[in-house]
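>>> Provided below for reference: sequence and predicted model.
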Amino acid sequence: MSGPGAVSNELFDRACQVIPGGVNSPVRAYRAVGGKPFFVKNAKGAVITDEDGQNYIDFVNSWGPLILGHAHPELIEVIQQAVSRGTSYGAPCRAGVELAETIVDWYPGIDQVRCVSSGTEAVMSAIRLARGCTGRDLILKFSGCYHGHADHLLVAAGSGLITFGEPSSAGVPEAFASLTHVLPLDDEEKVEEFFAEVGDRVAAVVIEPMPANNGLLLQRQSFLQKLRDITQQYGALLIFDEVISGFRIAKGGAAERFGITPDLVTFGKVIGGGMPVGAFGGPREHMKNLAPEGKVYQAGTLSGNPVAMAAGLATLRILEREDVWTKFESLGQHLEKLMTPVLAKATLPLSLVRLGSVFWLSLQEGEPPRTAEGIDPSAAERYRPLFHLVKDRGYSIAPSAYEVGFLSLAHETKHIEGLSEAFSEALQDGPG
Ligand SMILES: *Cc1c(COP(=O)(O)O)cnc(C)c1O
């Protein structure tokens, strides 16, 4: 493994003095793969350039937001114009209305959205709203799904089916965790048993309809349908956390893709075009409970920030104009076609899991897992050397075996071919 260049190295040492772990979000620190991260100087299109002048073709894309690639010229122009009109008003603006109109128009079953500044905030607020709408406290989530870092969502499964969840982070009170239950994905029976026991106390079931934060755990449509049916039966709300999948896997997100309409939905990443934005939405019947109309409090000094709203709106308009969903499908198919023989030749067990522009390497025997429990923990060991060998060839992939890769509008066939070539060489040289 070759480390980062001298400039990145020095910056990281300085960062470690003044920022915990040297980073502002843990996965950036390379703890899962070893070594030190490169520091980014600039990025353009598919290419990210570090402080030492090293270029990488980027498949991380800021972990999802950069669906147009880095510094898309049209988006940058819109952002620059927006900035020149002021960076924040603390009062409503046109772009906020137009972004909300577009989201409501595109996503099935929602009449209203409220914008916030991150995905975490979006899910946290949607859950408060669900509790306010139902007058109930319990939340059901699934292991392997990530919903941001609000206290009541940093919860791992307890030991038994109906036992309470346990904090998955220090600093989360047991009392908060006890209101969240965690079940494995892909298991209708457990969901049924759970609802039979406490269903009338459940405010909401929250799920990533395309779980993409712990590998890519593609769910059966029938499992999602089960959640739709059972929440309806018990008067609980179904929340689709589409912070990754929203506007990425279809114009109407996973809801459109799977033909299932949730009660509330959360967005983030793509809708900010790289600016800090999140949003949550639903039918008026639920959204009217939010302040100032209703009694569920929710607010934000920088919510609906004019620059972020303009960036989000421009991103969605470009996605539609370019019909990216069709483009991504063919680019994704191309990636699959090139990678499949490369991975099949390796002595490691390897397969590519993909939905649209989202892909993940499953490093274990057999069918790709559909549950977090089904992921072989030793897969992460096998990923480490592979990550460095691919990165050393100029391809930036996620520095963790559990994170997915993203295609962007800036990726061309040659980038896909280069990536599969890099894997081919890495697997010959390295751990294969
Ligand atoms: C990234 C993510 C979040 C949290 O969003 P932040 O903007 O990082 O706070 C929530 N849910 C899902 C599904 C995500 O992928």
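That came through, no problem.
>>> What about whatever residue of the stretch 51-200 of the chain ends up closest to the ligand, how many residues nearby?
Distances between the stretch 51-200 of the chain and the ligand by CB to the nearest ligand atom are smallest at G119, namely 2.1 Å. From N, CA and C alone the C-beta is placed, and that goes for glycine too. Counted by other CB atoms under 10 Å, the residues lying close to G119 total 30.
>>> Pull the number of nearby residues for the spatially closest residue to it that is not a sequence neighbour.
Nearest residue to G119, sequence neighbours excluded (CB to CB, 6 or more residues apart in numbering): G268, at 3.0 Å. By other CB under 10 Å, 27 other residues sit near G268.
>>> Flag the shaky bits of the protein, pLDDT-wise.
Applying pLDDT under 70 to the chain picks out residues 1, 160-163, 430-432.
>>> What residues sit buried inside the lengthiest helix in it?
Criterion DSSP state H: the longest helix present in the chain is helix 324-345. Within helix 324-345, the residues scored as buried using 16 or more other CB atoms under 10 Å are 324-325, 328-329, 331-332, 334-336, 338-339, 342-343.
>>> how about the CA coordinates for that helix, as CSV?
Extracted C-alpha coordinates of helix 324-345, given in CSV (Å, rounded to 0.1, in the frame of the first residue of the first chain):
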residue,chain,number,x,y,z
VAL,A,324,-30.2,10.3,-16.1
TRP,A,325,-32.1,7.3,-14.9
THR,A,326,-32.0,5.8,-18.4
LYS,A,327,-28.3,6.7,-18.8
PHE,A,328,-27.4,5.3,-15.4
GLU,A,329,-29.1,2.0,-16.2
SER,A,330,-27.1,1.5,-19.3
LEU,A,331,-23.8,2.7,-17.7
GLY,A,332,-24.6,0.4,-14.8
GLN,A,333,-25.2,-2.5,-17.1
HIS,A,334,-21.9,-1.8,-18.8
LEU,A,335,-20.1,-1.8,-15.5
GLU,A,336,-21.7,-5.1,-14.6
LYS,A,337,-20.8,-6.7,-17.9
LEU,A,338,-17.2,-5.7,-17.6
MET,A,339,-16.8,-6.5,-13.9
THR,A,340,-18.5,-9.9,-13.8
PRO,A,341,-15.8,-11.8,-15.7
VAL,A,342,-13.1,-9.9,-13.8
LEU,A,343,-14.6,-10.8,-10.5
ALA,A,344,-15.3,-14.4,-11.6
LYS,A,345,-11.6,-15.0,-12.4
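>>> From the chain's centroid, how far away is it?
20 Å (CA atoms, centre = their mean, to the nearest Å).
>>> by contact count, what packs against that helix?
Counting contacts by 3 or more CB pairs under 8 Å, 6 or more residues apart in numbering; DSSP states H and E, helix 324-345 packs against strand 351-355, strand 358-362, helix 413-429.
>>> now those in a markdown table, with mean neighbour count and distance to the ligand?
Below are the helices and strands packed on helix 324-345 laid out as a markdown table (neighbours: other CB atoms under 10 Å; distance: least, CB to the nearest ligand atom, whole Å):
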| stretch | mean neighbour count | distance to the ligand |
| --- | --- | --- |
| strand 351-355 | 21 | 14 |
| strand 358-362 | 23 | 11 |
| helix 413-429 | 18 | 22 |
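>>> Turn those into JSON lines, including distance to G273.
Below are the helices and strands packed on helix 324-345 laid out as JSON lines (distance: least, CB to CB, whole Å):
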{"stretch": "strand 351-355", "distance to G273": "22"}
{"stretch": "strand 358-362", "distance to G273": "18"}
{"stretch": "helix 413-429", "distance to G273": "21"}
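>>> Now do the contacts for A71.
N42, A43, K44, G45 (CB atoms under 8 Å, 6 or more residues apart in numbering).
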